[in-house]
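Any chance you could fold what I've pasted below:
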Amino acid sequence: MIKIAPSILSADYAALGSAVELLRPWGADYVHLDVMDGAFVPNITFGAPMTKALRTHSDLVFDAHLMVAEPAKWVPAFKEAGADIVTIHVEADRHAHRTLALIRSLGMKAGVALNPQTPPSAVEYLLEGCDLVLVMTVNPGFGGQKFIPEAAKKLAVIREMLISKGLEDRVELEVDGGVNVETAKLCREYGANVLVAGNAVYSSPDPKEAIRLLRGE
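Coordinates of the predicted model:
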C-alpha cells in the first residue's frame, strides 16, 4: 500500500490548523512536519510547540522530520507534542543508533534520513533499529525544489537491503523532495511506499485527486 504524507511546509502558514484538518477528507495517511533549525539546514520553520498545537486538529499519523543539529535533545519534546514518528538525519547525529533507540523507548516510531549525497551504506547498520528510512531527493531546507533523479536511485538499493535483512514488511521506505505525479511513479517503481508531497497536494486545484494520482490509482 502506498501512503501519502503531505508536507505542511507548502500549506498556508496563516491557517495551518485548517490545512491539517483537510488532510483526512482528502485521503492522506500522514501529516509530514518539516522541522528546520537554521543550523543543519539554511532555513527555520517550526518546532515542538507548533506540532503540539496542530495535534488537536487531526488524528492522522504525525510524521516529524527533524532537520536539526543534535536531534537527540529534541526527541522528548516531540513525544510530548504528540508525534508518532520522529526521523533524524544520519548526517546530523554521531550517535544515530542511540537516538533511534531513544525514540523507540518513548513509544514512537524511529526514522533515519539521508541527504542526496549520502550513500545508502550510511544507514545499512541502522536498519534493524529503525522503522522508517527517508531518502531525500532534494537538498533539505526549502520546499518546492526540483527532484534529483540520481538520489532516487538509492530507494532501490535500500529496498534490496531491507529485503535481504527480512525487514521489508516492518521498515517503511519514504521519499521526500520534488515529488509530484510524474516523479511519484519513479519512486514507487524504486520501492518507496511513503511519498511526501507538498506543492503537489497543497497547490493542486483538486488535492483529493492529486493524492489519488500520487498513489498511482
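
The lengthiest helix in the chain - contacts with which helices or strands?
Using DSSP state H to define each element, the chain has its longest helix at helix 149-164. Judged by 3 or more CB pairs under 8 Å, 6 or more residues apart in numbering; DSSP states H and E, helix 149-164 is in contact with strand 132-136, strand 172-176, helix 181-190. Where C-beta positions appear, they are placed from N, C-alpha and C, glycine not excepted.

try 6 Å this time
Applying 3 or more CB pairs under 6 Å, 6 or more residues apart in numbering; DSSP states H and E, we find helix 149-164 packed against strand 132-136, helix 181-190.

can you pull the buried residues of it?
151, 152, 154, 155, 158, 159, 161, 162 (16 or more other CB atoms under 10 Å).

now it against strand 172-176, angle please.
170 degrees (axes from the mean of the first three to the mean of the last three CA atoms, to 10 degrees).

Read off the pLDDT value for residue 143.
On the pLDDT scale, residue 143 is placed at 69.

and the end-to-end length of stretch 37-51?
End-to-end span of stretch 37-51 (CA to CA, to the nearest Å): 14 Å.

ugh, wrong one, stretch 156-174
With CA to CA as the measure, stretch 156-174 spans 12 Å from end to end.

Mind listing residues that contact stretch 170-178?
Contact partners of stretch 170-178, identified using CB atoms under 6 Å, 6 or more residues apart in numbering, comprise 132-138, 145-147, 159, 162, 187, 191-196.

Repeat that for stretch 15-23.
Here stretch 15-23 makes contact (CB under 6 Å, 6+ apart) with 6, 8, 11, 31, 54, 57, 58, 60.

can we see that at 8 Å?
6, 8, 11-12, 31, 50, 53-54, 56-58, 60, 202, 207 (CB atoms under 8 Å, 6 or more residues apart in numbering).

all helices in the protein, in order from the N-terminus.
Using DSSP H, helices in the chain cover 16-21, 23-26, 48-55, 75-81, 96-105, 149-164, 181-190, 199-202, 207-214.

Go through these and pick out the most buried.
Of the helices of the chain, the one with the most neighbours on average (mean count of other CB atoms under 10 Å) is helix 199-202, at a mean of 23.

returning to what we had before: output the helices and strands packed on helix 149-164 as CSV; include the columns distance to residue 77 and mean pLDDT.
Output for the helices and strands packed on helix 149-164, formatted as CSV (distance: least, CB to CB, whole Å; pLDDT from 0 to 100):
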stretch, distance to residue 77, mean pLDDT
strand 132-136, 20, 98
helix 181-190, 31, 97
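
Next, format those as CSV and append distance to residue 42.
Putting the helices and strands packed on helix 149-164 into CSV (distance: least, CB to CB, whole Å) gives the following:
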stretch, distance to residue 42
strand 132-136, 14
helix 181-190, 23
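
Relative to residue 168, which of these is closest?
strand 132-136 (11.3 Å; CB to CB).

partners of that closest one, with directions?
Next to strand 132-136 in the sheet, as set by DSSP bridges, lie strand 109-114 (parallel), strand 172-176 (parallel).

what angle separates that strand from helix 181-190?
Using the same axes, to 10 degrees: strand 132-136 against helix 181-190 is 130 degrees.
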